[in-house]
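> starting from these lines, generate the structure:
(chains A and B, ligands or ions: 2)
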Amino acid sequence: MAMIRRMPAEFGYVLPLLLLMLALFILPIALMLARSVTQPEWTIEHYQDLIETSVYLRVLGRTLQIALITTVACALLGYPLAYWMRDLSPQRQVLAVALVVLPFWISILVRTYAWIVVLGNAGVVNRVLLDLGLVGAPVSFLYNELGVVIGTTNVLLPFLVLPLFAAMVRIDDRLMQAAESLGASRATVFRRVFFPLSLPALAAGSILVFILTFGFFITPAILGGGRVPMVANALDLLINQFARWETAAALSTVLLVVTLACFAMSRWIGARGATS
Amino acid sequence: MSSIHLKGVSRHYGAFAAVDDVSLDVEPGEFVTILGPSGSGKTTVLTMIAGLNQLTGGSIHIGGRDVTALPAAQRNIGLVFQSYALFPHMTVFDNVAFPLSVRGIGATETRRRVEEALARVRLDTFGRRKPSQLSGGQQQRVALARAIVFQPDILLLDEPLGALDRKLREEVQVELRRLQRSLGITTILVTHDQEEALSLSDRIVVLDHGKVQQIAAPQNAYLRPSNRFVADFLGAANVFEGRVGSDERSIVMDGGTVIPCGAAARRPGTPVTAILRPERLILAADEAIGIVPAMITESVYLGQFVRYHVETPAGPMIAVAPGGNNGFAPGARVSATWQPDDVWIVADGAAPPA
Ligand SMILES: Nc1ncnc2c1ncn2[C@@H]1O[C@H](COP(=O)(O)OP(=O)(O)OP(=O)(O)O)[C@@H](O)[C@H]1O
Ligand SMILES: [Mg+2]
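Ligands and ions are numbered 1, 2, ... in the order given. Next up is the predicted model:
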């Protein structure tokens, strides 16, 4: 009772949505996860299966690797981009943000297929390389891990750049001016003042990219050409090809645990950033 | 201990002059206050001296050296920002140690100097806190410690006491003045609070619309303002408009009232504006003895002082008298007197300068 009385009145407004989420999202997930330990009876055999069948570990390892590489690539490309955008005039900033967001309005499928046009064996890049005589045979950008990383980086870059840019804009210019007037060189100002202040946003954005890559489906399916299956693709196979629901449920559990762990880490970093 | 010389310093933003042809010479060890309303260009002057803002005209010399083109990092100036600008991700200790560490000073020496600087602003036990865990007044003092710890040649303070309540502000003012004297450091303080300017500084620079209105010692600026703007900005004033009388020691107002004043230094008949500070206007109970008769319309009790609003043949006037319990009641008929020298002619003509 005490609990309920302390609930703010606004709780009534979110109740319908909460019930909807519970019935259509949380419940099915819970049932799905339960399946991994209750079929045919209480068991951990499906998890043993995951560990003992090397293919699942390989898929998990590859997913982890691609997610890490994509995260690093997004950070290395996104940080300078956000930093550059911060110093633009307000009008140009709007333009730059629009350009960063623009890909969101194009179907991810279209964007992914576009990479085939650009990077395929007969694609734009390879033709230029061949015509210039820089390579003797087409470079295989696609249907390998490189292709998947290029695709995921392209899709996920805005998820890093936008929050990072927003955080950078909030950093008070006067802090850098103060550091400068206290005798710090430009490089020192960046290293000791600007970068540490942007770090929580960089970390949070990177974790977001990592989580999203970890569960990515379309891009690895198309740009990997089935040769670079990630966890989500493996789930697709398990369910749609082999009807192995229990193993799929166990693999999903692993996916969920990794995601939640990352999420917890980003909350922790965010909380630390807020108190400092 | 360095002198500061501004020669015709200007800062234009497009066609708008935020700072317009400002010249100022500050002696070594002097405490100068720049006083002006919001938007008058005070911060802009300070940031140009610090090297954080480009000049569009003029030059700046510090300690005899032309620093106009010198990067901020090489000017060795202690600057306290209007917003303090403490580094939020560093502890108080690391904030104060920052200028020392970028100068490559060793750990033990750094520790000694940071502790000394924090002790000077009475925050010795706060080193491990983050700025967000301090009150506004404490943050201000950390900023001050950070600005003095590396023994800068000059100290620039941008409204450093703006966020403090009245009592704390007075305390910190005293502390600041003591600190400045003990360090003997050339200091420029920016404020829009005239009391602060009058109480702290050796000299006051009054700024309006980016232009210098007057540079003078506090008492001179207050009693002998160079124009109507300075007169109004530094405090309440009774204003007389009229023409210089034939003896050149009085002002004849439009209604014929004669106001005795100091030497006018203008020809008889010249239209002039003059001011008389309220505490220089003396009210006497006897209606007959004063210069003009007056009737009390309102008396406002202010604790230390009582402010009387009176009606006189020269128009409404204000008088400030020490607080006491034998004051005048509204409606009382009294007379108003002053020393002729306290009536100060601020400008020719009746129209106040824009
Ligand atoms: N970057 C800028 N671009 C255009 N105008 C500016 C810029 N910086 C300042 N100004 C203008 O210059 C004028 C002086 O600004 P400044 O900050 O020096 O005022 P201030 O006297 O410090 O005021 P306050 O007491 O409010 O701090 C203001 O009118 C301001 O709008
Ligand atoms: Mg200012």
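
> these two touch, right, residue B:207 and residue B:42?
Yes - using Cβ atoms under 8 Å, residue B:207 is in contact with residue B:42, at 6.0 Å. To be clear about C-beta, it is placed using only N, CA and C from the backbone, and glycine gets the same treatment.

> overlap in contacts, those two.
Residues touching both residue B:207 and residue B:42 (Cβ atoms under 8 Å, 6 or more residues apart in numbering or on different chains) are B:34-36.

> from these, pick the one nearest residue A:20.
residue B:36 (60.2 Å; Cβ to Cβ).

> neighbours of residue B:87, how many?
21 (other Cβ atoms under 10 Å in any protein chain shown).

> tally of neighbours for residue B:317?
22.

> my guess is residue A:200 contacts residue A:267, does it?
No - if you go by Cβ under 8 Å, residue A:200 and residue A:267 don't touch, sitting 11.2 Å apart.

> doesn't residue B:21 fall inside a strand?
Yes - according to DSSP: H, G, I helix; E, B strand; the rest coil, residue B:21 belongs to a strand.

> within range of ligand 1, give me the residues from the stretch 51-200 of chain B.
Contact residues, the stretch 51-200 of chain B versus ligand 1 (Cβ under 6 Å from any ligand atom): B:82, B:192.

> show me where the stretch 51-200 of chain B has its strands.
B:57-62, B:65-66, B:77-80, B:154-158, B:186-191 (DSSP state E, counting those that start in this stretch).

> what pairs with the shortest one, parallel or antiparallel?
Applying DSSP bridges to the sheet, strand B:65-66 is found paired with strand B:57-62 (antiparallel).

> then the last one?
Strand pairing for strand B:186-191, using DSSP bridges, gives strand B:31-35 (parallel), strand B:154-158 (parallel).

> now mean pLDDT too, for those, in a markdown table please.
Output for those, formatted as a markdown table (pLDDT from 0 to 100):
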| stretch | mean pLDDT |
| --- | --- |
| strand B:31-35 | 95 |
| strand B:154-158 | 94 |
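
> mean neighbour count added to these, as CSV?
As requested, those are exported to CSV (neighbours: other Cβ atoms under 10 Å in any protein chain shown):
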stretch, mean neighbour count
strand B:31-35, 25
strand B:154-158, 24
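
> rewinding a little: of the shared contacts of residue B:207 and residue B:42, closest to chain A?
Nearest to chain A out of the shared contacts of residue B:207 and residue B:42 is residue B:34 (Cβ to the nearest Cβ; 17.5 Å).

> can you verify my assumption that that closest one contacts residue B:42?
Yes - counting by Cβ under 8 Å, residue B:34 does reach residue B:42; the two are 5.0 Å apart.

> give me the common contacts of the two.
Residues within reach of residue B:34 and of residue B:42 at once, by Cβ under 8 Å, 6+ apart, are B:190-191, B:207.

> about what we covered before: winner for burial among the strands of the stretch 51-200 of chain B?
strand B:77-80 (a mean of 28; mean count of other Cβ atoms under 10 Å in any protein chain shown).

> is chain A contacted by that strand?
Yes - Strand B:77-80 lies within reach of chain A by Cβ under 8 Å from any Cβ of the partner chain, at B:77, B:79.

> what lines up beside that strand in the sheet?
Strands that pair with strand B:77-80, judged by DSSP bridges, come out as strand B:154-158 (parallel).

> for residue B:223, see how far away the closest residue to ligand 1 within the stretch 151-300 of chain B is.
Here the residue of the stretch 151-300 of chain B nearest ligand 1 is residue B:192; by Cβ to the nearest ligand atom that distance is 5.0 Å. Going from residue B:192 to residue B:223 by Cβ to Cβ, to the nearest Å gives 21 Å.

> equivalent analysis for residue B:286, please.
27 Å.

> more neighbours, the two?
residue B:223 (17 against 9).

> ok so residue B:275 is a strand residue?
Yes - the assignment for residue B:275 (three-state DSSP) places it in a strand.

> so who does the closest residue to it other than its chain neighbours touch?
In space, and not counting its chain neighbours, residue B:275 is closest to residue B:237: 4.1 Å by Cβ to Cβ, 6 or more residues apart in numbering or on different chains. Contacts for residue B:237 (Cβ under 8 Å, 6+ apart) come out as B:231, B:275-278.

> what does the pLDDT read for residue B:237?
Per-residue confidence (pLDDT) for residue B:237: 92.

> ok, residue A:274 next?
Reported pLDDT at residue A:274 in the predicted model: 57.

> quick one: the residue in the stretch 1-150 of chain A that ligand 1 sits nearest to from residue A:95, how far?
Distance from ligand 1 to each residue of the stretch 1-150 of chain A (Cβ to the nearest ligand atom) is smallest for residue A:89, at 11.6 Å. Remark: distance between residue A:89 and residue A:95 (Cβ to Cβ) = 10 Å.

> what domains does the record give for chain A?
Chain A is divided into the following domains under automatic domain parsing: A:1-43, A:61-275.

> near chain B, anything from the last one?
Read it as domain A:61-275. Yes - residues of domain A:61-275 contacting chain B under Cβ under 8 Å from any Cβ: A:172, A:174-175, A:177-185, A:188, A:192-193, A:196-197, A:275.

> are any of those residues buried, and which?
Among those, those classed as buried by 16 or more other Cβ atoms under 10 Å in any protein chain shown are A:174-175, A:177-184, A:188, A:192-193, A:196-197.
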